[in-house]
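J.: Please find the sequence and the predicted model below.
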Amino acid sequence: TSGVALPSLREITAVVDVAKVWLDGVMDCLRERTSRRQTDRGNIKLPTFAKVEELLAQVPSLVGVADREVELLHEKHEMASSWRKETSAFLATPPPVAMEEFERLLDEAHRISIQMDEIRRLQMRRDGVAWMSKAGAMLGKAKPLEEEPSHGNDISMACAEAAVVDAHAAATEKDARPTLEV
């Protein structure tokens, strides 16, 4: 009599445990975040783009995962990939840039709810452009951001953006250091 070989309970449990861990990771990636302010401040830990890619890479080795979760994860990955490509192109655009475009891209990133390196770069550049606009207004030389700057302004804009990035990095580093209260 030839019997059918069945996996042991231990083997079945191991497969189910791996699928549960994977599903927990997917559910974290698919969860909607409600507060952009909390997300922007870093108070809410978002899954990374690399985590989404890691979960997608595990799909072929998994048994019994629902097609719907795989499909939703693929959609999230596609949205994030498209956003990253568009944002990288926008960040490569020389000044002037419209503040509305910064906000549109940041709002879209918030809806995607995945941590991507481009988000921080976009925020820093937005802050630099806003600072330059305010500084220009204070100096009485304000130009709308949509106007084409003169050749000399390209250099000053780049220097100002770099200064804002350096100042923000220094402040962030300072805030991250432990303090001793006496």
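T.: Yes, it's here. Small disclaimer: the values here were computed from a predicted structure and weren't measured. Numbering: from 1, shown residues only.

J.: neighbours around residue 136, how many?
T.: Around residue 136 there are 18 other residues, counting by other CB atoms under 10 Å. Every residue, glycine included, has its C-beta placed from N, CA and C.

J.: helix or strand for it, which one?
T.: Under the assignment given by DSSP states H and E, the secondary-structure element containing residue 136 is helix 117-138.

J.: what packs against that helix?
T.: With contacts defined as 3 or more CB pairs under 8 Å, 6 or more residues apart in numbering; DSSP states H and E, helix 117-138 has these neighbours: helix 67-91, helix 99-112, helix 151-176.

J.: got the buried residues for it?
T.: Applying a neighbour-count criterion of 16 or more other CB atoms under 10 Å, the buried positions in helix 117-138 are 118-119, 122-129, 132-133, 136.

J.: Could you single out the nearest of those residues to residue 93?
T.: Distance to residue 93, by CB to CB, is smallest for residue 125 among the buried residues of helix 117-138, at 9.9 Å.

J.: How much space separates that closest one from residue 82?
T.: Remark: distance between residue 125 and residue 82 (CB to CB, to the nearest Å) = 20 Å.

J.: Dig out what the nearest residue to residue 45 once chain neighbours are set aside forms beta bridges with.
T.: For residue 45, ignoring the flanking residues on the chain, the nearest one in space by CB to CB, 6 or more residues apart in numbering is residue 115 at 8.0 Å. When bridges are assigned using DSSP bridges, the partners listed for residue 115 are residue 48.

J.: picking up where we left off before, output the buried residues of helix 117-138 as a markdown table; include the columns pLDDT.
T.: Listed next are the buried residues of helix 117-138 as a markdown table, based on pLDDT from 0 to 100:
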| residue | pLDDT |
| --- | --- |
| 118 | 94 |
| 119 | 94 |
| 122 | 94 |
| 123 | 93 |
| 124 | 93 |
| 125 | 93 |
| 126 | 93 |
| 127 | 93 |
| 128 | 90 |
| 129 | 89 |
| 132 | 87 |
| 133 | 84 |
| 136 | 81 |
